[in-house]
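J.: Need a 3D model of the following:
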Amino acid sequence: MKRSIGLWQLMGFAITSLGGTLLHFLYDWLGKPLWVAPFSGVNESTWEHMKLLFWPMLLYAIIESFFFRKRKDFWCVKLKGILLGLLLIPTIFYTYNGVIGKSPDWINIAIFFIAASIVYIFETKQFKNETIACKKQKLAIAILCTIAVLFVAFTFKTPEINIFKDPLTGAYGIGT
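T.: Numbering: from 1, shown residues only. Sure thing, here's the model as predicted:
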């Protein structure tokens, strides 16, 4: 099982990378339909880029969970990994921009892939560490569901704080 964990995580990184890239453009490609907005990037805000990591990781985790049913720590590891990724994107982005100034697009793209790779490496190490105990799998799932609801809700009712602000238009949420 330990050997196959690395392969599962590598596949997860690939799916997250491809899925996040597709979701970045999907809203515009489909003509901006409301039904796709909660799952794809609707503007260039940091929040929307966090969404691009969250949805593919969550979907992959759901699929992966069927194959890792016996793992009592599965959802706790996935929650920690997803939270790490959601923290890394704004942390790297705002740190880089605070030090250097406005970043070129290729740096912003690289931040997504760097965050995804760190997350899957972290999760792989967590899965290989057999001493980790997780007694609150249902709580981990509930927290992931809450995050999902927030991504949907904040797509349509966006708080007017900088993490939600589109740096290109200055607008918030789907109204951009």
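J.: make it CA atoms for all contacts and neighbour counts henceforth
T.: Will do.
J.: Distance of Leu52 relative to Lys70?
T.: The spacing between Leu52 and Lys70, counted by CA to CA, to the nearest Å, is 29 Å.
J.: Looking at these two, which one has more neighbours?
T.: Neighbour count, other CA atoms under 10 Å: between Leu52 and Lys70, Leu52 has more, with 23 against 9.
J.: residues contacting the more buried one?
T.: Leu52 makes contact with 19-21, 23-24, 39-41 under the criterion CA atoms under 8 Å, 6 or more residues apart in numbering.
J.: My reading is that it is in a strand; is that accurate?
T.: No. Judged by DSSP: H, G, I helix; E, B strand; the rest coil, Leu52 forms no part of a strand; its state is helix.
J.: Centre of the chain to the helix or strand where Ala116 lies, how far?
T.: Assignment of secondary structure by DSSP states H and E places Ala116 within helix 105-128. Relative to the mean C-alpha coordinate of its chain, helix 105-128 is positioned 10 Å out (CA atoms, centre = their mean, to the nearest Å).
J.: got the buried residues for it?
T.: By neighbour count, and taking 16 or more other CA atoms under 10 Å as the criterion, the buried residues in helix 105-128 are 108, 111-113, 115-124, 126-127.
J.: Ok, stretch 140-159 next?
T.: Within stretch 140-159, the residues that qualify as buried are 140, 144, 147-148, 151-152, 154-155, 158, counting by 16+ other CA under 10 Å.
J.: Using PDB, list the CA coordinates for it.
T.: What follows is stretch 140-159 as a C-alpha-only set of coordinates in PDB (Å, rounded to 0.1, in the frame of the first residue of the first chain):
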ATOM      1  CA  ALA A 140     -12.900  16.600   8.500                       C
ATOM      2  CA  ILE A 141     -15.600  15.900   5.900                       C
ATOM      3  CA  ALA A 142     -17.900  18.500   7.500                       C
ATOM      4  CA  ILE A 143     -15.100  21.100   7.300                       C
ATOM      5  CA  LEU A 144     -14.400  20.300   3.600                       C
ATOM      6  CA  CYS A 145     -18.200  20.700   2.900                       C
ATOM      7  CA  THR A 146     -18.200  24.000   4.700                       C
ATOM      8  CA  ILE A 147     -15.300  25.200   2.600                       C
ATOM      9  CA  ALA A 148     -17.200  24.100  -0.500                       C
ATOM     10  CA  VAL A 149     -20.200  26.000   0.500                       C
ATOM     11  CA  LEU A 150     -18.100  29.100   1.100                       C
ATOM     12  CA  PHE A 151     -16.600  28.900  -2.400                       C
ATOM     13  CA  VAL A 152     -20.100  28.700  -3.900                       C
ATOM     14  CA  ALA A 153     -21.600  31.400  -1.700                       C
ATOM     15  CA  PHE A 154     -18.700  33.800  -2.100                       C
ATOM     16  CA  THR A 155     -18.900  33.500  -5.900                       C
ATOM     17  CA  PHE A 156     -22.300  35.200  -5.800                       C
ATOM     18  CA  LYS A 157     -22.100  37.200  -2.600                       C
ATOM     19  CA  THR A 158     -18.500  38.300  -2.400                       C
ATOM     20  CA  PRO A 159     -17.000  40.100   0.600                       C
END
